[in-house]
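Undergrad: Predicted structure and sequence below. I'll ask about it afterward.
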Amino acid sequence: MLGEKIKQLRNEKCLTQKELADQLFVTAQAVSRWENDEVEPSLSTLSQMSQIFDVTVDELINGHSKNEASPPAPAPAPQVIIEKEIVYQQDKPVLAVCEKCNKPIYDGSQIVREYDHVYCATCNTNMRKEAFARKVAYGEQQRTKSFVWSSIWTAIILIACIFTVVTNPANELSFKICSIVTALLFFPFFSCLYLKNNFVGDMFCAILEWGFVKFPTIIFSLDLEGIVWLLTVKLIFWILGILLAIAMGILALVISLIVSPFVYPFALVHNFQHPEDTDIKK
């Protein structure tokens with residue numbers, strides 16, 4: 001501190017505050033205030049004190065004497081070189097392209113393969129929702145058809161049975177009742193065919209296929225009798241084929257009419273609960 005340096009140099013010169021003040025033409029109180037660091041002397045006063053103490057102004061201010069070695073200059077701070085790391089981020093490869101929205105797919109978990117087609121997960125979900133909605137609409141449409149068209153066809157058959165009974169009064173009562181009951185059985189049969197969520201239609205077609213059989217190969221000679229034999233047998237086989245097809249058709253219809261009243265209530269309830277189960281053709 002400057003005050004301590006002034007006091008130190010004054011004591012080395014064996015001067016009192018009054019004696020130093022007289023040489024500087026100031027009061028002793030001023031010297032006391034300098035040494036207590038209350039105030040600082042002016043530059044001209046410092047120049048006079050340096051002559052009295054036989055030191056330089058720099059030594060007086062900085063506190064270094066002539067013989068005292070100045071502190072070594074601080075070593076220069078080490079130069080820090082910061083290397084900036086440049087990272088090039090490579091774009092993700094395109095794994096596939098959605099055939100629905102034509103957007104590239106970068107994540108393998110978002111790829112959905114349907115047979116030979118590739119879709120993104122979003123489009124696949126939307127297509128499934130659309131397909132489900134189409135199935136529901138189709139099931140409700142078939143339910144409406146089962147009510148309307150089954151009623152129409154049953155009414156036509158019922159009118160035909162009534163007309164037959166009325167125009168033939170000689171028929172027995174049992175035949176009349178059987179005709180009317182048969183007409184009424186057509187309603188659940190047609191309804192089951194329209195609902196397409198039961199086995200009645202498949203059963204009818206399976207029994208009907210029994211009537212289409214392949215007859216054995218005919219061996220004949222290449223003369224007139226052989227040709228006549230071939231034509232006769234072919235005609236017989238053709239008539240038998242027709243009769244067999246008609247018989248199997250009647251059998252399929254009778255069995256279907258008997259089974260349909262038991263199947264129809266369950267098929268109708270299932271259509272209300274799950275209309276999407278209707279066999280829809282894409």
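TA: Looks like it arrived, so ask away. Residues are numbered from 1 along each chain as shown.

Undergrad: Now do the helices in the stretch 101-250 of the chain.
TA: Applying DSSP state H, counting those that start in this stretch to the stretch 101-250 of the chain gives helices spanning 121-167, 173-195, 200-209, 224-273.

Undergrad: Tell me which of these is the most buried.
TA: Of the helices of the stretch 101-250 of the chain, the one with the most neighbours on average (mean count of other C-beta atoms under 10 Å) is helix 173-195, at a mean of 18. Bear in mind the C-beta positions are built from the backbone N, C-alpha and C, glycine included.

Undergrad: what's that helix in contact with?
TA: 142-143, 145-147, 149-151, 153-154, 157-158, 160-162, 164-165, 198, 200-201, 204, 256-258, 260-261, 263-264, 267-268, 271, 278 (C-beta atoms under 8 Å, 6 or more residues apart in numbering).

Undergrad: and if we set it to 6 Å?
TA: For helix 173-195, contacts defined as C-beta atoms under 6 Å, 6 or more residues apart in numbering pick out 142, 145-146, 150, 153-154, 157-158, 161, 165, 198, 200-201, 256-257, 260-261, 263-264, 267, 271.

Undergrad: where in the stretch 101-250 of the chain is pLDDT low?
TA: Residues of the stretch 101-250 of the chain meeting the criterion pLDDT under 70: 168-176, 218-221.

Undergrad: Might you calculate how far stretch 153-171 sits from the centre of the chain?
TA: Remark: stretch 153-171 is offset 61 Å from the chain centroid, using C-alpha atoms, centre = their mean, to the nearest Å.

Undergrad: Give the closest residue to L9 in space, chain neighbours not counted.
TA: Nearest non-adjacent residue to L9, counting by C-beta to C-beta, 6 or more residues apart in numbering: F53, 4.1 Å away.

Undergrad: likewise T27?
TA: A21 is the one closest to T27 (C-beta to C-beta, 6+ apart), at 5.6 Å.
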